[in-house]
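Undergrad: I would like to see how this sequence folds:
(4 chains)
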Protein chains: 2
Amino acid sequence: MMELTRKGEYAIRGIIYLAQLPPGKVALISEIAEAAEVPQTFLAKILQSFAKIGIVKSFRGAGGGFTLGRSAEQITLREVVEAVEGPILPNRCLLGAGSCERDGTCGVHPVWREVQGKVVEVLDGVTIKELATRTK
Amino acid sequence: MMELTRKGEYAIRGIIYLAQLPPGKVALISEIAEAAEVPQTFLAKILQSFAKIGIVKSFRGAGGGFTLGRSAEQITLREVVEAVEGPILPNRCLLGAGSCERDGTCGVHPVWREVQGKVVEVLDGVTIKELATRTK
DNA sequence: TATAAAAGGACTAAAACGGTCCTAAAGGTG
DNA sequence: CACCTTTAGGACCGTTTTAGTCCTTTTATA
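TA: Predicted structure coming up:
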């Protein structure tokens, strides 16, 4: 249970590759995909969605490509994972207030909240910078 | 991300119901399903699989039904969840040794291991007994 | 023997996953 | 301006997982 999808895996690999580049360098999607060993068109979708929320910047046309949207130490693993997989949410109950009618009566509720808290804490504590320097 | 499936949700509800019964009482699947508000045939499958691994005991024929396989304080939430959803595994990497060729080079690996550890710790720390007394 | 359960197996609709492909738009270059 | 390069967007698609249902068989009781 709780498995990261390929999409998430690919997203992380791609972003780490970008973080390992000399600052300011623009990388082609083809280059990133090859280096990260990820299907190119699939990665393109992922990075396009990242561009929308500012995690990466994209440039079209000749000389275009992708860069990180911020410095690597300002991007957390949590951000990347949530951007692609949605919020860390071990149970639907935890969504909005009232999203679970059993809310008051269900004793499992606080357990899921704790799990959520721990996972968020770990993923928030890791930056892409750290991952980039540790990897490879 | 990391969402429990309905199957997992139903399994927990069903087992909590059993834990709330007077010790030794045998409950019909129809009774459990109704009380836990779970589709009966679906819950039947779940409890049947639990019977195989001893989390519950089942009895056929008239007067039959289900009971807990052990006392509620000896069943952890982790056990129930893993029985139904498989092992807590935030990333495939963590499976067997060598299941991930990037093993040595990938800096994300230890993060997933930490996530796994925290989640397991929380779920292992909660017994069905606790949930049963807290619920309702 | 009839009846009351659970057990097992086959089946299914719908959603999510893991992509591909094609066209359009935007930005450089001669 | 025309052409080329590169990302953006949308449609599509096969496979797997989810979330069940239904029918038959086995086991136990009365």
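
Undergrad: Enumerate the residues of chain A near DNA strand C.
TA: A:5-7, A:39-42, A:45, A:59-64 (CB under 7 Å from any atom of the strand). Using the backbone N, CA and C atoms, a C-beta is placed for each residue, glycine as well.

Undergrad: which of those residues has the most neighbours?
TA: Most neighbours among the residues of chain A next to DNA strand C, by other CB atoms under 10 Å in any protein chain shown: A:K7, with 16 neighbours.

Undergrad: what separates that residue from A:C106, distance-wise?
TA: Going from A:K7 to A:C106 by CB to CB, to the nearest Å gives 31 Å.

Undergrad: And for A:K45?
TA: Distance of A:K45 to A:C106, computed by CB to CB: 37 Å.

Undergrad: Equivalent analysis for A:V115, please.
TA: Per CB to CB, A:V115 is found 14 Å from A:C106.

Undergrad: what's the answer for A:L123, then?
TA: With distances taken as CB to CB, A:L123 is found 26 Å from A:C106.

Undergrad: Phi, psi for A:T127 please.
TA: Phi and psi for A:T127, reported as degrees, to the nearest 10, are phi -100, psi 160.

Undergrad: Give me the buried positions along the helix or strand where A:V111 lies.
TA: Here A:V111, judged by DSSP states H and E, is contained in helix A:109-124. For helix A:109-124, the neighbour count (16 or more other CB atoms under 10 Å in any protein chain shown) marks A:109, A:111-112, A:114-116, A:118-120, A:122-123 as buried.

Undergrad: who's in contact with it?
TA: A:76-78, A:81, A:88-91, A:93-94, A:100, A:102-103, B:2, B:4, B:77, B:111, B:114-115, B:118-119, B:122-123, B:126, B:131 (CB atoms under 8 Å, 6 or more residues apart in numbering or on different chains).

Undergrad: and it, what's its mean pLDDT?
TA: The average pLDDT for helix A:109-124 rounds to 97.

Undergrad: Could you do stretch A:49-63 as well?
TA: Across stretch A:49-63, pLDDT averages out at 97.

Undergrad: any idea which residue sits dead centre in chain A?
TA: Nearest to the mean C-alpha position of chain A, by CA atoms, centre = their mean, lies A:V80 at 1.6 Å.

Undergrad: I'd guessed that one sits against A:I15; true?
TA: Yes. Between A:V80 and A:I15 there is a contact under CB atoms under 8 Å: 5.6 Å.

Undergrad: Quick check: neighbours shared by those two?
TA: A:50, A:55, A:128.

Undergrad: Those residues in helices, which ones?
TA: Counting by DSSP state H, the part of the shared contacts of A:V80 and A:I15 found in helices is A:50, A:128.

Undergrad: Now a PyMOL select for only the buried ones of the shared contacts of A:V80 and A:I15.
TA: To isolate the buried members of the shared contacts of A:V80 and A:I15 in PyMOL, using 16+ other CB under 10 Å:
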select buried, chain A and resi 50+55+128
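
Undergrad: can you name the farthest residue from the center of chain A?
TA: Of all residues in chain A (CA atoms, centre = their mean), A:T105 lies farthest out, 34.2 Å.

Undergrad: And for the nearest residue to A:G69 once chain neighbours are set aside, the neighbour number?
TA: Distance criterion CB to CB, 6 or more residues apart in numbering or on different chains; nearest residue to A:G69, sequence neighbours excluded, is A:G54 at 4.5 Å. Each residue near A:G54 was counted by other CB under 10 Å, and the total is 13.

Undergrad: how far away is A:G54 from A:Q48?
TA: Distance from A:G54 to A:Q48, by CB to CB: 13 Å.

Undergrad: In contact with the residue lying closest to A:Q40 once chain neighbours are set aside: list those residues for me.
TA: Spatial nearest neighbour of A:Q40, excluding adjacent residues (CB to CB, 6+ apart): A:A33 at 3.8 Å. A:A33 sits next to A:14, A:39-40, A:43-44 when contact means CB under 8 Å, 6+ apart.

Undergrad: What of A:A36?
TA: When contacts are counted by CB under 8 Å, 6+ apart, A:A36 touches A:10, A:13-14, A:16-17, A:43.
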